[in-house]
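Student: Return a 3D structure for these sequence lines:
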Amino acid sequence: MVNLSQKSGFPHWILWIVTGAAVLLIPVAFMAGWLADMGQVRPVLTQLSQAQQATIRQASAIPKEPPSQAPDHVVASWGLSQVVLKWSRVPGASAYVVYRATGNHSVVGAEKIGEVTQSTHEVEFVDSGVRPGTQYTYWIAAVNAAGQGPMTQALSGETYLTPATIAQQVEKSAIPIQATVWSQGGLGLFAPTQKSYHSVAFAIDGVFYTALYLPPSDSHSTWLTKHWVSWTVGGLPVHVLKTTHQLTVLQMPRQEKSVTSLVQGSVTATNVLVWYHQGIWQHQLFTGTPTNLPLGALVMNGYGDVIALTNHLGQLITIPSSYVH
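Tutor: This is a model prediction of the structure:
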């Protein structure tokens, strides 16, 4: 007889093993998920940290005050169609502002013409918006994120004249000149003979300079033959003040009011050569030392002042000392 009331025996130890395994696996799964989430979150946190640090650095780098000093060692190179400004770098400056006024005016009438962001030791700005033969005044100020610092002292100057304008000034200073060489022989028994030479004289510092040069032999007389030279400027008689470097310096007649006297000056970056040839005025722009010089030419600087002239051999001669009448 079978006893149906007897319970089947289920091993309880298996239940305990399954329960324990579940208890152990739940934390492991949680940790794995947490680590996976952290792998995605960590780059975001790193980027946020870097951005925060960059913001802190930027905030600390922003100056609290404008530059405390104006640019120094400011120099200007003047030309015909541009002016080049140079100055030394200012500590704490991120840029420089350039102001300009036409003429010798105060900064009140100046306008901002440019901004320079160079960080080199020597800063340069080229102003190409100028006109020839015009005076300008410049101011420069250093700036940063906090504002603009003090301005430099006013720097004034004038751009060069055009070569055509300089040639016109030279033309106004020129006047026809004539030298007549006379010769009479036979102890004055024969009629004198004459030979005339024509050229152009330039009024410079109150006297006339001409490349027309006559050697001393043209006025050297002997017991048998007499030689002499007479000079006329614009039809008026004049006398020679000096002959030097095969140039002739003549006294300017008091009655002569039709010419304008030029003045002497220094060499500039760009110069002009002006001469008169076969009834035509010609000019040439040059830098450095000119070559293949025409005869009887004037070497002018960029402001229309005389630097030198050439003699009848084409040699470059510095203007001798002036002789006022």
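Student: contacts, neighbours, all on C-alpha from now
Tutor: Noted.
Student: the helices in the stretch 1-150 of the chain, which residues?
Tutor: With DSSP state H, counting those that start in this stretch, the ranges of helices along the stretch 1-150 of the chain come out as 12-61.
Student: Tell me where the model's unsure across it.
Tutor: 1-61 (pLDDT under 70).
Student: Equivalent analysis for the stretch 201-325 of the chain, please.
Tutor: Applying pLDDT under 70 to the stretch 201-325 of the chain flags the ranges 255-256, 321-325.
Student: ok, 80 please
Tutor: The model of the stretch 201-325 of the chain has pLDDT under 80 over residues 254-257, 320-325.
Student: Now do the strands in it.
Tutor: Using DSSP state E, counting those that start in this stretch, the strands of the stretch 201-325 of the chain run over 207-210, 226-233, 236-238, 240-244, 247-251, 271-277, 280-286, 298-300, 306-310, 316-318.
Student: Report all helices and strands that the fifth one contacts.
Tutor: Think strand 247-251. strand 207-210, strand 240-244 (3 or more C-alpha pairs under 8 Å, 6 or more residues apart in numbering; DSSP states H and E).
Student: Return the most buried member of the strands of the stretch 201-325 of the chain.
Tutor: Mean neighbour count (mean count of other C-alpha atoms under 10 Å) peaks for strand 298-300 among the strands of the stretch 201-325 of the chain, with a mean of 28.
Student: which strands and helices sit next to that strand?
Tutor: Counting contacts by 3+ C-alpha pairs under 8 Å, 6+ apart, strand 298-300 is packed against strand 271-277, strand 306-310.
Student: what helices or strands is the first one leaning on?
Tutor: When contacts are defined as 3+ C-alpha pairs under 8 Å, 6+ apart, strand 271-277 packs onto helix 163-173, strand 280-286, strand 298-300.
Student: looking at these, which is closest to Trp87?
Tutor: strand 280-286 (27.8 Å; C-alpha to C-alpha).
Student: How about the contacts made by Gln194?
Tutor: Residues near Gln194 by C-alpha atoms under 8 Å, 6 or more residues apart in numbering: 180-183.
Student: Work out for me the element it sits within.
Tutor: Counting by DSSP states H and E, the element that carries Gln194 is strand 193-204.
Student: Taking strand 247-251 as reference, get the angle to that strand.
Tutor: Relative orientation of strand 193-204 and strand 247-251, computed by axes from the mean of the first three to the mean of the last three C-alpha atoms, to 10 degrees: 80 degrees.
Student: re the thing from before, right, and the helices and strands packed on strand 271-277 - which one's nearest Glu124?
Tutor: Checking the helices and strands packed on strand 271-277 against Glu124 by C-alpha to C-alpha gives strand 280-286 as the closest, at 24.7 Å.
Student: chain center to that closest one: distance?
Tutor: From the chain centre to the centre of strand 280-286 is a distance of 23 Å (C-alpha atoms, centre = their mean, to the nearest Å).
Student: Can you name every helix or strand that that strand contacts?
Tutor: Counting contacts by 3+ C-alpha pairs under 8 Å, 6+ apart, strand 280-286 packs against helix 163-173, strand 271-277.
Student: List the pairing partners of the shortest one within its sheet, with orientation.
Tutor: The strands beside strand 271-277 in its sheet (DSSP bridges) come out as strand 280-286 (antiparallel), strand 298-300 (antiparallel).
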